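Chemist: how would this look folded up:
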Amino acid sequence: MRIEKNISSAERIIRLVLAIILFVGFFYLSQPLNYISLVLAVILALTAGLSFCPIYQLIKKK
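Modeler: This next block holds a predicted model:
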């Protein structure tokens, strides 16, 4: 199964920057916000790394 890229280069950069900010926030926020920021950071980093967003596929955005 091949994943079709559906995220532009600019959006990948934005997602990576947000992931870094949320990851740093993990160390400064109190519970449960720190765990929420960590989960969001991982999701953003994965989607940026794969250039694929499953939500975009569901709504048929290319």
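Chemist: from now on I want contacts and neighbour counts done on CA atoms only, so please keep to that.
Modeler: OK.
Chemist: which residues of this structure fall in strands?
Modeler: Assigned by DSSP state E, the chain shows no strands.
Chemist: what bits of this protein have low per-residue confidence?
Modeler: Along the chain, segments meeting pLDDT under 70 span 1, 61-62.
Chemist: can you tell me which residue is spatially central in it?
Modeler: Leu44 (0.8 Å; Cα atoms, centre = their mean).
Chemist: hang on, that one packs against Val17?
Modeler: No: using Cα atoms under 8 Å, Leu44 is not in contact with Val17, being 9.2 Å away.
Chemist: thinking again about what came up before, the residue nearest to the centre of the chain and Leu16, how far apart?
Modeler: Distance, Leu44 to Leu16, using Cα to Cα, to the nearest Å: 7 Å.
Chemist: just Ser30 next, same as before
Modeler: Ser30 sits 23 Å away from Leu16, going by Cα to Cα.
Chemist: more crowded one of these two?
Modeler: Per other Cα atoms under 10 Å, whichever of Ser30 and Leu16 has more neighbours is Leu16, with 19 against 10.
Chemist: okay, now Ala41: neighbour count?
Modeler: Count around Ala41 with other Cα under 10 Å applied: 23.
Chemist: how much space separates it from Arg2?
Modeler: With Cα to Cα as the criterion, Ala41 and Arg2 are 24 Å apart.
Chemist: what's the answer for Gln57, then?
Modeler: Distance, Gln57 to Arg2, using Cα to Cα: 13 Å.
Chemist: centre of the chain to the longest helix along the chain, how far?
Modeler: Secondary structure of the chain per DSSP state H: the longest helix is helix 9-28. The chain centroid and the centroid of helix 9-28 are separated by 7 Å, computed with Cα atoms, centre = their mean, to the nearest Å.
Chemist: render the CA-only coordinates of that helix in CSV, please.
Modeler: Extracted in CSV, the C-alpha atoms of helix 9-28 (Å, rounded to 0.1, in the frame of the first residue of the first chain):
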residue,chain,number,x,y,z
SER,A,9,5.9,21.7,1.6
ALA,A,10,4.8,24.9,3.3
GLU,A,11,2.3,23.0,5.4
ARG,A,12,4.9,20.4,6.4
ILE,A,13,7.1,23.2,7.7
ILE,A,14,4.2,24.8,9.6
ARG,A,15,3.3,21.4,11.2
LEU,A,16,6.9,20.7,12.2
VAL,A,17,7.2,24.2,13.8
LEU,A,18,4.0,23.6,15.7
ALA,A,19,5.1,20.2,16.8
ILE,A,20,8.3,21.6,18.2
ILE,A,21,6.4,24.3,20.1
LEU,A,22,4.0,21.8,21.5
PHE,A,23,6.8,19.4,22.5
VAL,A,24,8.6,22.2,24.4
GLY,A,25,5.2,23.0,26.0
PHE,A,26,5.2,19.5,27.3
PHE,A,27,7.9,20.5,29.8
TYR,A,28,6.3,23.7,30.9
